[in-house]
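Novice: Sequence first, then the predicted structure:
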Amino acid sequence: MKSLQEKIKNAMVAVLRESFDLSQTELTFSQPAERKFGDLSTTLAFVLAKKTQSKPFLVAGELAAKLTGKLDAIEEIRVAGGGFLNFYLRRDDYLKYLWQNLEKPLPAKGEKVIVEHTSINPNKSAHIGHLRNSCLGDILARSCRFLGYEVEVQNYIDDTGIQVADVVWGLLHYQKMDLDGIKKISGLAAYLWDLYAEVNQLFAGNDDLARQRRDVHKKIEEKIDPEYQACRYIAEQVLLDHIRTMEQIGIHYDLLARESDVIALDFFKAAAAEMTARNVMTRSTDPEKKDCLVIHYDRENIEKIIVRSNGTITYVGKDIAYNLWKFNLLPRDFCYRLFHTYPDGHAIYMTQSEPARQTRPFGRGQKVYNVIDVRQSYLQNLIAQVLAQLGHPGPSANFIHFSYEMVALTPACVREMGLKLEAGEENKPYIEVSGRKGRAVKADELIAQLNEKSLREIQSRNPALAEAEALPLARTIAVAALRYFMVKFNLNTVIAFDFKEALNFEGDSGPYLQYTMVRLNSILKKSTAAGLEAERVPGSMQRLEAREKELYWEMILNLSLLETQVEFALQNHELSSLAAYAYGLCQKFNHYYHLFPVLAEKDADIRNLRLSLIRIFKNKVEKLLAVMGIAIPDRM
RNA sequence: GCGCCUGUAGCUCAAUGGAUAGAGCGUUGGCCUCCGGAGCCAAAGGCUAUGGGUUCGAAUCCCGUCAGGCGCGCCA
């Protein structure tokens, strides 16, 4: 549904343009801090007063006079606070409009958005840092879809890297296994978690082992067995493990793009030809970078190596090629195969370099979001620069690094996990997660703990409930707790992870939202069972007594802003505003519902108004929670 | 050294330049004869690190200072 407020704003702009010289940017509207200041407010008078050397209060009066009577939706306009222009809506009309347009989805934007997220190295289990990435990426994708974009979710698989080589060396040369032995390992990803940390300890300061590691890497790149086979096997098995982990929390992908295919299909060669032709990539004149091909990063005046002196391509080089492909700016394409089908029928495809019947056109995005933590800002900015230098200003502007801060551990959390703190770490505010040191909370373990806790909570509240029935409910609640926790912080807030907070199911948490909805559904069920009147257009809010009228209206107004809020979250890269919005709505509802019982109300008009509010609330908040990937259990 | 980010209640965090800086946790005290207590109500708790500046208006923008974090690899 197109927000009614948008319509009202547009009408105001049209009227004001007749009398004032306005640019669009000057006219902003906001929600007043308090209801007594109206339903919609603008500070336009302050801006105009400055321009005309007049007093804001006088200008506001002038504006009010111009607008009065010109807008159907407005009941009253008042000037307050020395120049604020406050608008009071015709509440019953507004409510009716909202009620009648509940089922209207937003129109398709006709634009394709590619969201890349997760992109975990396939050499060990996923950890909490990856969970933040995937949750943000997934909610970003859902927001775009909600707003009418076509969305394709890609997960980039670095299946050729040195990090896979580390564990290949560990298994084949350190633990002396063969491929058959590796295939017998159960829980391979978790096994590699420990091995990866152990092997990295060994590598530290040991030149001989470092050389062995390089040899393994080289053999993988040159497809020499058994290293190559082991690498392929491990990468695929660990990838499956990651997909399983993310599937548990409702995260799906459309395409798995493999680095090995980027290389095999010569994506970089095509990109390099273009970059060389345009002088974007040049041979370095720095003697220390003899024979290297580099790109000058203008913003920080740095020369970044793209092709090493031995002719191999660095990570950014491959990423440039891959991102050019996302925008359909490379004369190359992948081949595809069906990789996996989710229980709901959704299919994941994987790239491949062997010819195959192409199942659908992947890529070709108009907008690209790369969900990658802030530590890669410099490289992501470099890619945007290259896009511009190659003559693609549009894609460069639509290449969006969806940057967020890392997840770290509190020193207390590290100790709690039985890991040692190094000298001086005790006093640090937080400690960076490190796969190399095996220092992180594994995603699966956190999810298991959440599942366990919510199962306990459910069973304590519903002692008669069979475990088979309680289990899926517990999972739904655990997912809500996790996703809400991952999205409630601002993107540039470092999450100093703490079990107690992540496992909190009360207050500002996902389960609180679910609980609100469960109770609300219960009221609706009882209302139907009691044979109360069916849905009908809500009557006039004038029937309500003063206190309820204000609360009621406040909720209606807030609920009507769903689409505006999602748009805001996307525009400002602040998905946390969705969490805050949802939480605020649920708080208001709980407050309201505590004061004004529905089923016990004898007056049919008032009861109907309350039921209408519940139906509107259910409609809007279910959509909002769906955008956050939070489902509503039948009971809890 | 250069670049980016952060500093708000005891703790963890919110607050499109806007009206009296808000939540959760913790603390203290209340609330089911009443639609589910994962709930509701209330109290206490703030010179928004600090010094200037811009503005009708600053937690928010600019400059300085202090404190902390992250980048700046022929790793990915």
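Specialist: Looks like it arrived, so ask away. Numbering: from 1, shown residues only, chains lettered A, B, ... in the order given.
Novice: Quick check: closest non-adjacent residue to the residue of the stretch 351-500 of chain A found nearest RNA strand B.
Specialist: Here the stretch 351-500 of chain A gets closest to RNA strand B at one residue, A:Asn490, 2.9 Å apart by Cβ to the nearest atom of the strand. Where you see a C-beta, it was placed from the backbone N, CA and C, and this is true even at glycine. Closest residue to A:Asn490 apart from its sequence neighbours, by Cβ to Cβ, 6 or more residues apart in numbering: A:Ser576 at 5.3 Å.
Novice: What of A:Lys488?
Specialist: Per Cβ to Cβ, 6+ apart, closest to A:Lys488 is A:Ala579, 4.2 Å.
Novice: Enumerate every residue touching the one you found.
Specialist: A:Tyr484, A:Val487, A:Lys488, A:Met628 (Cβ atoms under 8 Å, 6 or more residues apart in numbering).
Novice: phi, psi of A:Phe327?
Specialist: With angles defined as degrees, to the nearest 10, A:Phe327 sits at phi -90, psi 10.
Novice: tell me the contacts of it?
Specialist: So A:Phe327 contacts A:Gly363, A:Arg364, A:Gly365, A:Val368, A:Leu387, A:His392, A:Pro395, A:Asn398, A:Phe399 (Cβ under 8 Å, 6+ apart).
Novice: surely the last one meets A:Ile383?
Specialist: Yes - the pair A:Phe399 and A:Ile383 qualifies as a contact (Cβ atoms under 8 Å) at a distance of 6.6 Å.
Novice: Stretch A:160-170 and RNA strand B in contact?
Specialist: Yes - Stretch A:160-170 reaches RNA strand B (Cβ under 7 Å from any atom of the strand) through A:Gly161, A:Ile162, A:Gln163.
Novice: May I see the PyMOL selection of the buried members of those?
Specialist: Buried residues among the residues of stretch A:160-170 next to RNA strand B (16 or more other Cβ atoms under 10 Å), as a PyMOL selection:
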select buried, chain A and resi 161+163
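Novice: Which residues are in contact with the residue in the stretch 151-300 of chain A that RNA strand B sits nearest to?
Specialist: Per Cβ to the nearest atom of the strand, the residue of the stretch 151-300 of chain A with the smallest distance to RNA strand B is A:Gly161, at 3.6 Å. By Cβ under 8 Å, 6+ apart, the residues touching A:Gly161 are A:Asn121, A:Asn123, A:Glu259, A:Tyr315.
Novice: A:Arg91 now?
Specialist: A:Glu75, A:Met541, A:Trp553, A:Ile556.
Novice: and which of the residues you listed is nearest A:Tyr97?
Specialist: A:Ile556 (10.4 Å; Cβ to Cβ).
Novice: give me every residue that touches the residue most central in space within chain A.
Specialist: Most central in chain A under Cα atoms, centre = their mean is A:Leu136, positioned 2.4 Å from the mean C-alpha point. Residues in contact with A:Leu136, defined by Cβ under 8 Å, 6+ apart, are A:His117, A:Val371, A:Phe402, A:Tyr404, A:Met486, A:Val487, A:Leu491, A:Leu575.
Novice: among those, which are in strands?
Specialist: If you go by DSSP state E, the contacts of A:Leu136 have A:Val371, A:Phe402, A:Tyr404 in strands.
Novice: Surely the first one touches A:Met486?
Specialist: What that stands for is A:Val371. No - counting by Cβ under 8 Å, A:Val371 stays clear of A:Met486, with 11.9 Å between them.
Novice: outside of the helix or strand of chain A with the lowest mean pLDDT, which residues touch it?
Specialist: Scoring the helices and strands of chain A by mean pLDDT, DSSP states H and E places helix A:4-19 at the bottom, with a mean of 78. Helix A:4-19 is contacted by residues A:22, A:24, A:27, A:29, A:40, A:42, A:44, A:63, A:66-67, A:70-71, A:73-74, A:87, A:89, A:94, A:97-98, A:560-561, A:564 when judged by Cβ under 8 Å, 6+ apart.
Novice: Tabulate the CA atom coordinates of it in CSV.
Specialist: Taking Å, rounded to 0.1, in the frame of the first residue of the first chain, the C-alpha atoms of helix A:4-19 are listed here in CSV:
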residue,chain,number,x,y,z
LEU,A,4,-1.2,7.8,2.8
GLN,A,5,1.3,10.2,4.4
GLU,A,6,3.2,10.2,1.1
LYS,A,7,0.1,11.3,-0.7
ILE,A,8,-0.6,14.0,1.8
LYS,A,9,2.9,15.3,1.6
ASN,A,10,2.7,15.4,-2.2
ALA,A,11,-0.5,17.4,-2.0
MET,A,12,1.1,19.9,0.4
VAL,A,13,4.1,20.3,-1.9
ALA,A,14,1.8,21.0,-4.8
VAL,A,15,-0.1,23.7,-2.9
LEU,A,16,3.0,25.4,-1.5
ARG,A,17,4.8,25.4,-4.8
GLU,A,18,2.1,27.8,-6.1
SER,A,19,3.2,30.5,-3.7
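Novice: Selecting buried members of the ones in strands among the contacts of A:Leu136 in ChimeraX, what would you type?
Specialist: A single ChimeraX command selects the buried members of the ones in strands among the contacts of A:Leu136 (16+ other Cβ under 10 Å):
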select /A:371,402,404
